[in-house]
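A.B. asks: prediction below, plus the sequence it came from.
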Protein chains: 2
Amino acid sequence: MENAVSRDFMATKYSDHVESKDKQPRTARGFKTKRKLLDAAALEFGEKGFHEASITGITQRAGTALGSFYTYFDSKDELFSALVKDMSARVKTHAGSAMTEWEDALEREKLALKAFMNFAREHKEIYRIIDEAEFVDPESYRSHYQETAARIAERLQEGSVTGDLRDDLEEAHAWAIMGMNVFLGLRYGIWSEDKPAEEVAAIANGILAQGIAGPKI
Amino acid sequence: MENAVSRDFMATKYSDHVESKDKQPRTARGFKTKRKLLDAAALEFGEKGFHEASITGITQRAGTALGSFYTYFDSKDELFSALVKDMSARVKTHAGSAMTEWEDALEREKLALKAFMNFAREHKEIYRIIDEAEFVDPESYRSHYQETAARIAERLQEGSVTGDLRDDLEEAHAWAIMGMNVFLGLRYGIWSEDKPAEEVAAIANGILAQGIAGPKI
DNA sequence: TTGAAACATGAACCACTATTCAACTTAGAA
DNA sequence: TTCTAAGTTGAATAGTGGTTCATGTTTCAA
């Protein structure tokens, strides 16, 4: 991001990915338009999915002309890809900022899930866009989950060091936890909100704390 | 399925869903052609995904004329939907038949995961088709996971009764377990097979058995 | 103030592919 | 064997929507 002009107008939201050269806006007006397109696209993709979404729909939502889209993006795919990378970063940021205060490693995981669930509820379109990336932009999808798992694995590692957690935890444990979180997010964040995030997080945490086995005799 | 003619020719694989009237084959030749189309479609959708897949590609793989497709299916969507429902049933059947012999509820869950992982490895296209249903045929997708979760919940219930499991398990626990399984299946079944199914299943089972907390002091 | 670079506009273009259909072939019951 | 329903065929149709581009407008540094 070498362009120093009007840096203030860069969306804090959408500035973290590498963009194709020559399509960067250079004036305040340009940044504003690009931002409108990005926001509109998130809505359009979130509501309709990649294939049902149309550039026309996006530009209409954004209140710009059809052609303006191509002033800032090379193609529909490129836009989607940019969006996925950005959403991935936002999920990461949000979860990270929710895990600042915790007593032990288990509590930290509980906070992570709760944050994820609330984020999913507030941004259902993000959930859908990342999920659809499995088919539209597989590379980004893979990166998203690999990186997420890596962050979880790191936390587990730290928990092992402090003694909060077992010391034989590995990548697969991280994937298992991530899977729990994602599916609970889908069921109780996206599909329905019939159970408080706190409660869902408590249930998942219960599994991590002691498993589901019956009391030993 | 009221048609009694040539019932022998019905694919055991693809006969479990309700089909649109008037498109059923009535002769041996017809059943054979429909079967070829279904198999070809599973491959085509599995490889390319719904939107990249084409009817032309499907009929070419099947070795039939383009028009023959519409002798048996109303549309591309209808075919996909039929496929999803069938694959869902196959996953269910496969998992069920793998859980016949077990000592306790936890072992049963381990068998379920191992069966699922092996199934995913052998039928990667099924995994992808069901996953893509989230966007192409949301109803079927929802049903698939709701029903899967319901079966898990039932097993948990039984485990509670026998005392193998805690007695406060509910739907959310089933979803958590399902999420674990699905993500482990994705990571160690579809993306890579670098870890034996047995080992992955053991890890997940370890979580269910005792959680991931460190030894109490 | 001014002129060149940015940006905006939307009609037209174009490639792609799901679906239709009318002519033709095959199966199998009577 | 015969005749009709079932099945096959692939060229033609039709609708869609991503992308281009020539033209007009706005911005802002000099």
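C.D. replies: Received, thanks.
A.B. asks: enumerate the residues of chain A near DNA strand C.
C.D. replies: A:25-27, A:29-30, A:32-33, A:64-68, A:70-71 (Cβ under 7 Å from any atom of the strand). All C-beta atoms are positioned from the backbone trio N, CA, C, and that covers glycine.
A.B. asks: same thing but 6 Å
C.D. replies: Residues of chain A found near DNA strand C (Cβ under 6 Å from any atom of the strand) are A:P25, A:R26, A:T27, A:R29, A:G30, A:T33, A:T64, A:A65, A:L66, A:G67, A:S68, A:T71.
A.B. asks: just the buried subset of those, please.
C.D. replies: A:P25, A:G30, A:T33, A:T64, A:S68 (16 or more other Cβ atoms under 10 Å in any protein chain shown).
A.B. asks: and chain B, which of the residues of chain A next to DNA strand C reach it?
C.D. replies: Of the entries in the residues of chain A next to DNA strand C, none also sits close to chain B under the rule Cβ under 8 Å from any Cβ of the partner chain.
A.B. asks: is it true that A:D74 touches A:F80?
C.D. replies: No: the criterion here is Cβ atoms under 8 Å, and A:D74 misses it with A:F80 at 11.5 Å.
A.B. asks: so those two - more neighbours on which side?
C.D. replies: A:F80 (21 against 12; other Cβ atoms under 10 Å in any protein chain shown).
A.B. asks: the more buried one: what's it in contact with?
C.D. replies: For A:F80, the contacting residues are A:A41, A:F45, A:F50, A:I129, A:A133, A:V136, A:D137, by Cβ atoms under 8 Å, 6 or more residues apart in numbering or on different chains.
A.B. asks: I'd like to know how many residues surround the fourth one.
C.D. replies: What that stands for is A:I129. With other Cβ under 10 Å as criterion, A:I129 counts 24.
A.B. asks: try the fifth one
C.D. replies: Neighbours of A:A133 under the rule other Cβ under 10 Å: 25.
A.B. asks: how about the one 4 residues further on?
C.D. replies: Each residue near A:D137 was counted by other Cβ under 10 Å, and the total is 23.
A.B. asks: look up phi and psi at A:A213.
C.D. replies: phi -70, psi 160 (degrees, to the nearest 10).
A.B. asks: what's the pLDDT at the nearest residue to it once chain neighbours are set aside?
C.D. replies: Nearest residue to A:A213 in three dimensions, chain neighbours excluded: B:A209, at 5.4 Å (Cβ to Cβ, 6 or more residues apart in numbering or on different chains). With respect to pLDDT, B:A209 scores 98.
A.B. asks: who touches B:A209 in this structure?
C.D. replies: So B:A209 contacts A:G211, A:A213, B:L106 (Cβ under 8 Å, 6+ apart).
A.B. asks: hmm, the last one is touching B:I207, no?
C.D. replies: No: contact between B:L106 and B:I207 fails when scored by Cβ under 8 Å: they sit 10.6 Å apart.
A.B. asks: can you get me the start-to-end distance on stretch A:58-74?
C.D. replies: The straight-line separation of the ends of stretch A:58-74 (Cα to Cα, to the nearest Å) is 15 Å.
A.B. asks: and it, anywhere near DNA strand D?
C.D. replies: Yes: using Cβ under 6 Å from any atom of the strand, stretch A:58-74 reaches DNA strand D at A:L66, A:G67, A:Y70.
A.B. asks: out of these, which one sits closest to DNA strand C?
C.D. replies: A:G67 (1.5 Å; Cβ to the nearest atom of the strand).
A.B. asks: now do that closest one, the pLDDT please.
C.D. replies: So A:G67 comes in at 97 (pLDDT).
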